[in-house]
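K.L.:
Sequence plus predicted model, see below.
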Amino acid sequence: MPCVVRHPHVKKVCPRREGHEGDSKGFEVREEGQPVSHTSILTVVMMGYTLAYAGMAALSLGMQKHYAQLNADAELTSSRKVLFKALGWSLLAFALLPVIQGWSLAMGLVIWVGLISVAAINVVLLLAYLPRLLVWFGVAVSIALLVLLTASI
């Protein structure tokens, strides 16, 4: 099997050959950097998705219609509206950081847009069919990320 580039910080990662020294996961590093395991890639994607989901949820809660779906008796004040929108855009911007760190800027931007799209679809579907689960789904994703981070340490 030929060598392939699996990560921007690793020049070439090849399967370990018989009698050739490599790491314990079955990869050898040809030039510089460390081999990237599937766990770290999944962790980076989950971190980006969690932040993107939280950002999209906050942006949707900055709208009176969606805020009323979750809090029927409360009205969205202008200060809360500004807070939700600022929080949402900030979280979407922060979702870019882990994917750029995991990949290069060009690939990170593509993955970031994809993660935002998936998070937006999830928020839209939850608001349309099960609006009360919007917060609980976010909590579940956050717990899954914590478990994944703990397991990868």
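P.N.:
Cool, the structure landed. Numbering: from 1, shown residues only.

K.L.:
And for residue 150, the neighbour number?
P.N.:
Close neighbours of residue 150, defined as other Cβ atoms under 10 Å, add up to 8. Quick note: C-beta positions are derived from backbone N, CA and C, even for glycine.

K.L.:
Use 31 as the first number for this chain going forward.
P.N.:
Yep, numbering from 31; the last one is residue 180 now.

K.L.:
Check what pLDDT it gets.
P.N.:
pLDDT for residue 180: 80.

K.L.:
Backbone torsions only: list them for it.
P.N.:
Note on residue 180: backbone dihedrals following degrees, to the nearest 10 are phi -70, psi -40.

K.L.:
got it, and residue 152?
P.N.:
Dihedral angles of residue 152 (phi, psi; degrees, to the nearest 10) stand at phi -60, psi -40.

K.L.:
so what's it closest to, chain neighbours aside?
P.N.:
Excluding the flanking residues, the one nearest residue 152 by Cβ to Cβ, 6 or more residues apart in numbering is residue 83, at 6.4 Å.

K.L.:
what's the burial count for residue 150?
P.N.:
Residue 150: 18 surrounding residues under other Cβ under 10 Å.

K.L.:
what's the answer for residue 106, then?
P.N.:
For residue 106, the neighbour count with other Cβ under 10 Å is 17.

K.L.:
From residue 161, how far off is it?
P.N.:
Residue 106 is 15 Å from residue 161, where distance means Cβ to Cβ, to the nearest Å.
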